[in-house]
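Asks: pasted the sequence and its predicted model underneath.
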Amino acid sequence: MGYDSAMKKLIAIVEDEPALRENYAAALARHGYSIKTYGNRATAMQAFHIHLPDLAIIDISLEDEAEGGFDLCRDLRALSAELPIIFLTARDSELDAVSGLRLGADDFLTKDVSLPHLAARVAALFRRIDALRRPGNAAEIVRRGALIIDGDRLQTTWNGTPVTLSLTEFWIVHALARNPGHVKNRQQLMDAANVVLDDNTITSHIKRMRRKFQQIDPAFDAIQTVYGMGYRWVEEPQTGSR
Amino acid sequence: MSIRLQLLVVALTTLVLPWAGCQYARELETALRDSQEKSLLATAGTIANALSAQPQRVFRDSGDTQGFTASRGDLYVYPLRTQPLLDGYRDDWGVAADPAALPTSSGYGARVQAGSTERYLYLYIEVDDSHFDAEPADVHPERDRFDRVDLTLQQSGALQESYFFATVAPGLIAAQSVVTGDQRQHRVIEEPRIQAYWLQTSAGYRVEARIPLSFVGPHLWIEAIDGRGARRAGVTAAGLPEGGRLFFATAGLDDLLSTFIRDGTRVTVIDANALKLGAAGNLSAATAGETEEEAQSWYRRFMSVDTSSFPLQSSAPDRLGGNSVTAALAGQSHAEWVRSAADQELRLTAAAPITIDGRTRGAVFLEQAADQLLGLRDRAVTRLFNLTLLATAAAVIVMFCFATWISLRLGRLRNAADSAVGSDGTIRLDMPESASADEIGALSRGFERLLARLNEHTLYLRTLGGKLSHELRTPLTIVRSSLDNLESEGLRDDQRRYVTRAREGTQRLQSILSALGAAARVEESIKQAERVNFDLRELVSSAIAAYRDGFPQARIDLELPPDPCFIRGAPDLLVQLLDKLIENAVDFCPAGGLITVRLERAMGNYVLQVQNDGPPIPQALHGRLFESLFEQRQGRDDKPHFGLGLYIVRLVAEFHDGTAVAANRSDGGGAIFTITLPLI
């Protein structure tokens, strides 16, 4: 784990299933985080008002509240704009993912994710935050024309404007842009993003990413669909160099 | 039996209406007949009372009436309307009756008939005598033998005057009488006031005589005597002092009676012998019903009153008979329906006694034809019959239309019920007729409720997979995360082996669960898909190129149209559709088999066909292939097939307003999946 901090990072896990909660807590504690667990929204919010964690992992349905996680995310975002929030939920519908990310969550993971993957995600998020706080050392930068991908900060810019991608999206762009012109099929993209998704979710991720780029540059057409195979990054010939 | 037929049969029961009408008409007729009887009886009684107040206008003789005895030579004198010619023929008498036979003991056939006008008594005598014996020129009636007719008239008091008719030659003659001269010698003189006509016929001779009424008393004797032999017929004053009595009709009684009655009724007054004293009126009143004769006949057959039981009314010209007459002469008023002996016509007769000084001296007899009544009844019944038949016909037609309507509605409902659950399991919730308030509407609403429940259940079953996968996901995650944690604890190799197995198990569970939940996710993502214009041909060709790389073991042939095929839709979804079709084809295509993909334009549609060599689709699976989570045919691999692939194909095709159909190749060597997509 590539982070150094005098203090252990505090991760809050809000999950109403005790066994799962304890498993997540044990796994993350093993990676050197200190963990606080909460069973419902009220106790979590109460604790957050007193002390904000460094990262929050939230389930969407909490005890009686089917969408309690969304409310919690909104409240938490109100408390802190920077606090990384990960949705970890059994709900895997497109709509839930979109809602979660729109509420300001940094990532949306389904419970199919394995514990090592979860730990990696968490680490990656911390790394991004740390990198954002530190002056850049230009460690792993991918430049593809107007696109600049900062592998440390997990940040993407297009024509100099930051593109707010979720972690999954970031890894997808990263995987595509690293080898322009190469077709990546959906499985490869899922592997790159360390997620288990079905084809349609990948499709909608791609769609959403295109939209995000197009908000910055309406002429954006770098992510191409190769029917029957997958997607590829197309570099405009007049711009960019390796 | 269809409802229409059933209701038609039910409608036919309205035929009871005409029947009831007939019954009613019959009762009406009975009632009418009853009242007619009563009224006629009342009329008869009234006339009888009126007549008994003035007996002198009814009876010629004031005293007791003698009994009528034909053997005595009693004669009824028919009233003659016109003055007959004296010609030996009685055709002009206007009397329907045959002459009455004179009593004879020697077999000499002679018949006589009497008639009278106001001034004369007419006699018609018919004698059977094949040989004419003429009267000698110098006649001696006592001695001479010749054909002659003796006539003795009783004039006022006991005075009798005898005449005889005989002639030398047929023709007009006068009566002769024998006078006794001063020398007690008999002499024959003619009485010119008594005229007669002698007519010779092949059977004998006839004498038609005219006698002034002033010569005629209450009695007369007539005897016909043969000129040869001793044959004679009739009575003589010497042989029978009482003599034949003449029964006259009463003069002026006809006029008197005609003031009592109206048209269509005949009144006859009879004496105690039932002989007619006078009559007035006629039965054949002009009735309006005559023209309906044709129309009447057909239903009279159904409903005519049986008249054969009515007694026959004989109609002798001189006298009346029948129960009414008998009863009236016995002092009882009586009314009766009879049939006329002549023409079987139904008549009502009523008779009332004329009682004078406590004795019944005669009767008033009234007759009325039933024609009037029948005409009345027929008109009523015809109208009733026609109306009820019309009503029945209308009812039948209305019933038939109604039944047709009902059965149409039921048919619609049945068709809707038949097609309510489609072969692909989709349920149409709207039923026809559900807005109607009647039982059919209720049935339809019942169907709707049934279908709604069925639909709920189907939806539940459809979403069951998704829900199940969702519910199972958490415990599965617990197991997996526990395994993750367990692995991190540092395990011995033998322990790690079991963990690995457990992990493999969870992975399989995982893939099954995501397959279960996939249907719901696919439906959702299809709902959110965006439509763009793109070239289907290019999509198919690039996708197929990818499949050739992806499935190197399969031979894939591609047939494309020469022109680009622009379509508005979701290319991603269509690629998924192709994915599933090709995956399916590859699964079932034997090694070395050929997969043919063909895109063509046909009748406003793009038709995309994927054929593969391999086993045909079993008949039982047709129509169910495209269902969600339908367990598919066994592929070549051992992977469980939840059949989601073809379900996605159907969803995508439907998203593009198209259809997906599976069929077997005609040679039986493979399957064809045909996707039809509308051009726009």
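Replies: Received the coordinates, thanks.
Asks: state the number of residues packed around residue B:42.
Replies: Using other Cβ atoms under 10 Å in any protein chain shown, residue B:42 has 14 other residues around it. Just so you know, the C-beta spots here come from the backbone N, C-alpha and C atoms, and that holds for glycine as well.
Asks: what about the helix or strand it falls within, average pLDDT?
Replies: Using DSSP states H and E, residue B:42 sits in helix B:16-52. Helix B:16-52 carries an average pLDDT of 84.
Asks: following element in sequence after the lengthiest helix in chain B, please.
Replies: In chain B, assigned by DSSP state H, the helix with the most residues is helix B:439-488. Counting by DSSP H and E, the next helix or strand C-terminal to helix B:439-488 is helix B:493-527.
Asks: helices or strands next to the lowest-mean-pLDDT helix or strand in chain A in the packing?
Replies: Within chain A, no helix or strand scores below helix A:94-102, which has a mean of 76 by mean pLDDT, DSSP states H and E. Secondary-structure packing of helix A:94-102 (3 or more Cβ pairs under 8 Å, 6 or more residues apart in numbering or on different chains; DSSP states H and E): helix A:68-79, strand A:85-89, strand A:107-110, helix A:199-216, helix B:493-527.
Asks: average pLDDT across the first one?
Replies: Helix A:68-79 shows a mean pLDDT of 89 in the predicted model.
Asks: which strands and helices lie in contact with it?
Replies: By 3+ Cβ pairs under 8 Å, 6+ apart, helix A:68-79 packs against helix A:41-50, strand A:55-58, strand A:85-89, helix A:94-102.
Asks: other residues contacting the shortest one?
Replies: Residues external to strand A:55-58 that are found in contact with it (Cβ atoms under 8 Å, 6 or more residues apart in numbering or on different chains): A:9-15, A:24, A:48, A:69, A:72-73, A:76, A:83-88, A:105, A:122, A:125-126.
Asks: which among those count as buried?
Replies: A:9, A:11-15, A:24, A:48, A:69, A:72-73, A:76, A:83-88, A:105, A:122, A:125-126 (16 or more other Cβ atoms under 10 Å in any protein chain shown).
Asks: would you list the phi and psi of residue B:220?
Replies: phi -150, psi 160 (degrees, to the nearest 10).
Asks: show me which residues of the stretch 1-150 of chain B sit near chain A.
Replies: By the rule Cβ under 8 Å from any Cβ of the partner chain, no part of the stretch 1-150 of chain B lies against chain A.
Asks: so where's the stretch 1-150 of chain B shaky on pLDDT?
Replies: B:61-65 (pLDDT under 70).
Asks: all helices of it, in order?
Replies: Taking DSSP state H, counting those that start in this stretch as the criterion, the stretch 1-150 of chain B contains helices spanning B:3-12, B:16-52.
Asks: who does the shortest one touch, helix- and strand-wise?
Replies: Just to be clear, that refers to helix B:3-12. Under the contact definition 3+ Cβ pairs under 8 Å, 6+ apart, helix B:3-12 sits against helix B:371-418.
Asks: angle of the helix it packs on against helix B:16-52?
Replies: For helix B:371-418 against helix B:16-52, the angle by axes from the mean of the first three to the mean of the last three Cα atoms, to 10 degrees is 170 degrees.
Asks: so the spatially closest residue to residue B:221 that is not a sequence neighbour, which of the three states?
Replies: With Cβ to Cβ, 6 or more residues apart in numbering or on different chains as the criterion, residue B:221 has its nearest non-adjacent residue at 4.1 Å, and that residue is residue B:152. Put simply, residue B:152 is strand when judged by DSSP: H, G, I helix; E, B strand; the rest coil.
Asks: what about residue B:152, neighbour count?
Replies: 21.
Asks: quick one, what contacts it?
Replies: Going by Cβ under 8 Å, 6+ apart, residue B:152 touches B:160, B:161, B:162, B:163, B:220, B:221, B:222, B:236, B:237, B:243.
Asks: could you redo the last one with a cut-off of 10 Å?
Replies: B:160-164, B:177, B:219-223, B:235-238, B:243-244 (Cβ atoms under 10 Å, 6 or more residues apart in numbering or on different chains).
Asks: quick check on these: which are buried?
Replies: B:160-164, B:177, B:219-223, B:235-237, B:243-244.
Asks: closest to chain A out of the residues you listed?
Replies: The shortest approach to chain A among the buried ones among the contacts of residue B:152 belongs to residue B:244, at 136.5 Å (Cβ to the nearest Cβ).
Asks: how close does the closest residue to that closest one other than its chain neighbours get to residue B:233?
Replies: In this structure, residue B:244 finds its nearest non-sequential neighbour in residue B:73, 2.8 Å apart by Cβ to Cβ, 6+ apart. Going from residue B:73 to residue B:233 by Cβ to Cβ, to the nearest Å gives 10 Å.
Asks: thanks a lot, see you next time.
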